[in-house]
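J.: coordinates only, no sequence provided:
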């Protein structure tokens with residue numbers, strides 16, 4: 001059966017491009033930079049140089065209703081011990097204390113804001129007060145009312161760190177995040193987006209059509225994905241829409257365009273290799289129509305994460321004006 005003709009769009013999207021060291025294609029987080037994508041051609045324009053900074057290596061992006069670009073980034077937090085005892089010189093009594101920095105570190109998920117002109121990033125703080133993790137997954141989105149939702153694996157009592165969970169986050173105080181519910185199947189969830197009256201959407205990673213444990217090695221997943229719709233009302237729950245998205249065409253992030261089309265950023269590998277490509281998903285069935293391959297300087301672009309196209313908005317209904 002022949003594939004549908006490639007779809008093209010108009011306007012600009014934003015993503016995070018990761019520098020790939022030669023010979024280490026699976027490495028993520030060496031250095032990152034914000035970049036623009038031409039939805040019609042797939043051309044990628046970097047915004048500034050690569051910078052080795054975990055905060056720049058956001059795995060998902062989203063515009064607020066006011067037009068600010070936000071992201072979520074996994075970081076290694078501050079040590080949770082001020083100091084640790086070390087053995088004395090003769091190897092007997094532990095009398096020496098090491099300076100802070102040698103204790104056990106904790107993982108955090110930070111909310112960040114990007115400057116779309118320069119690519120500069122501002123750290124807004126850790127989401128929640130417990131340890132949290134996203135790996136290369138997770139997602140965030142604003143609804144048209146300005147509510148910010150985030151998918152991450154938190155170690156708080158509600159989420160318990162064993163699944164990706166939905167939180168409502170105050171951008172002015174990310175630490176006060178509210179737990180809304182967790183995915184009961186403990187799968188990886190990639191990206192999060194919403195449109196007017198369309199609910200929340202995410203991508204669920206499957207292995208041969210079955211859910212996987214969230215602690216499994218993501219590199220071992222060769223199965224497929226499905227589009228889920230999420231009801232954020234507690235207890236929040238993700239429900240499958242249609243069947244599997246095309247096998248081997250990994251989708252890492254999604255976002256609605258202003259015209260209501262659901263765009264996806266993905267590739268042929270769970271780590272964004274060997275090439276990145278745009279596509280459009282049917283939000284009723286999950287069917288995928290391929291779009292432009294990402295290119296920069298005539299060469300394919302591989303390691304990109306996160307997709308943000310437009311701010312969430314609802315059309316204003318003009319009421320009829322009845323006059324006598």
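T.: Thanks, I have it. Remember, predicted model here, so these are calculated numbers, not experimental data. Numbers count the residues shown, from 1 in each chain.

J.: now do residue 117 against residue 62, distance only.
T.: When distances are taken as CB to CB, to the nearest Å, residue 117 and residue 62 turn out to be 18 Å apart. Heads up, the C-betas are built off the backbone N, CA and C, glycines and all.

J.: the more surrounded of those two?
T.: Using other CB atoms under 10 Å as the criterion, residue 117 and residue 62 rank with residue 62 on top: 30 against 9.

J.: now do the contacts for the more buried one.
T.: Contact criterion CB atoms under 8 Å, 6 or more residues apart in numbering gives 69-71, 140-142, 148, 192-193, 255, 308 as the residues in contact with residue 62.

J.: cutoff 6 Å now
T.: Residue 62 sits next to 70, 140-142, 308 when contact means CB atoms under 6 Å, 6 or more residues apart in numbering.

J.: residue 41: neighbouring residues, count only.
T.: Summarising burial for residue 41: neighbours were counted as other CB under 10 Å, giving 13.

J.: sec struct for it, please.
T.: Counting by DSSP: H, G, I helix; E, B strand; the rest coil, the backbone at residue 41 sits in coil.

J.: can you check the pLDDT for it?
T.: Taken from the predicted model, the pLDDT recorded for residue 41 is 90.

J.: contacting residues around it?
T.: In this structure, residue 41 makes contact with residue 292, judged by CB under 6 Å, 6+ apart.

J.: check residue 73 too.
T.: Applying CB under 6 Å, 6+ apart, we find residue 73 in contact with 54-55, 57-58, 110, 112.

J.: spatially, which two of the residues you listed are the most separated?
T.: The widest separation within those, taken as CB to CB, falls between 57 and 110 and amounts to 10.7 Å.

J.: ok, those two, which is more surrounded?
T.: Neighbour comparison, residue 57 and residue 110: the larger count goes to residue 57, with 27 against 22 (by other CB under 10 Å).

J.: what's the spacing between residue 133 and residue 239?
T.: Residue 133 sits 24 Å away from residue 239, taking CB to CB as the criterion.

J.: and those two? Which one has more around it.
T.: A side-by-side neighbour count of residue 133 and residue 239, using other CB under 10 Å, places residue 133 first with 19 against 10.

J.: ok, what's across the strand from the more buried one?
T.: residue 153 (DSSP bridges).

J.: wait, it touches residue 107, no?
T.: Yes: at 5.0 Å, residue 133 counts as touching residue 107 under the criterion of CB atoms under 6 Å.
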